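Asks: Sequence isn't available, so here's the structure alone:
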DNA sequence: GATAAGATTAACT
DNA sequence: GTTAATCTTATCC
């Protein structure tokens, strides 16, 4: 697998989100256990978007998204679930890509354990599930995703005909924007939004 | 200082 | 399909 090229993440968030489909995400736990998977579902957010955490400017929480591309932006959702984003765009512009679905590859049994016994498509078909399966918390906030223990490889290899674009999930504002992307027919995609194409 | 809402999930009817 | 769990952040006193 090729090392991560951050250049494709430095453009707009939607392009970054499409490019991340098919990329390999590798997590190395403290005991050396390797967990990995292929990104199959993403959503794009930027500071012009009312649904984005960066819409109202830089804060302590969203600071990572205003930094360089290719870092981890981790936030706590609904007081319970950590969610992992890849920062995008140029420094000074608040943008990122939420990782919503992962096809598990290595360390599946350890992921199942981290997920409290969930298996199959239920293992990683959602942003909170994905982060829990890879033991991602705010301890990795701002982490450079070109380096262990959480690292991206590849990207930009999925033909557009194999992807689907829809509206994003769980939003009350900006809900109409077609900024969710996933790999067609992947079982590890959450299926709650109407298809646009 | 108080309160409402939220880029979710799992359990339940 | 509906709802509880759980807590940070944003927004308004």
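Replies: Sure thing, it's come through. The structure displayed is predicted, hence computed values, not measured ones. Residues are numbered from 1 along each chain as shown, chains lettered A, B, ... in the order given.
Asks: Now do the end-to-end distance for stretch A:75-93.
Replies: In stretch A:75-93, first residue to last residue: 18 Å (C-alpha to C-alpha, to the nearest Å).
Asks: How about stretch A:131-145?
Replies: End to end - C-alpha to C-alpha - stretch A:131-145 spans 14 Å.
Asks: do the longest strand along chain A and DNA strand C meet?
Replies: Criterion DSSP state E: the longest strand present in chain A is strand A:34-46. No - Strand A:34-46 is not in contact with DNA strand C by C-beta under 7 Å from any atom of the strand; minimum separation 13.4 Å. Every residue, glycine included, has its C-beta placed from N, CA and C.
Asks: and if you look at stretch A:62-70?
Replies: Yes - for stretch A:62-70 and DNA strand C, the contact criterion (C-beta under 7 Å from any atom of the strand) is met by residue A:62.
Asks: near DNA strand B, which residues of chain A show up?
Replies: Proximity of chain A to DNA strand B (C-beta under 7 Å from any atom of the strand) is limited to residues A:43, A:45, A:51-54, A:65, A:73, A:77-81, A:83, A:85, A:96, A:98, A:115-116, A:118, A:122, A:126-130, A:168-173, A:190.
Asks: What about these, which are in helices?
Replies: A:127-130 (DSSP state H).
Asks: Give me the buried entries from the residues you listed.
Replies: In those, burial by neighbour count holds for A:127-130, counting by 16 or more other C-beta atoms under 10 Å.
Asks: Kindly reformat those as TSV containing distance to residue A:18 and pLDDT.
Replies: What follows is these, written out as TSV (distance: C-beta to C-beta, whole Å; pLDDT from 0 to 100):
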residue	distance to residue A:18	pLDDT
A:127	17	98
A:128	23	98
A:129	22	98
A:130	18	98
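Asks: Now render the residues you listed as TSV, adding distance to residue A:33.
Replies: Formatted as TSV, these follow (distance: C-beta to C-beta, whole Å):
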residue	distance to residue A:33
A:127	22
A:128	21
A:129	18
A:130	17
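Asks: Run through the bridge partners of the residue sitting nearest the centre point of chain A.
Replies: Nearest to the mean C-alpha position of chain A, by C-alpha atoms, centre = their mean, lies residue A:99 at 1.7 Å. Taking DSSP bridges as the rule, residue A:99 bridges to residue A:42.
Asks: can you pull the contacts of it?
Replies: Applying C-beta atoms under 8 Å, 6 or more residues apart in numbering, one finds that residue A:99 lies in contact with A:20, A:25, A:39, A:41-42, A:83-86, A:127, A:130.
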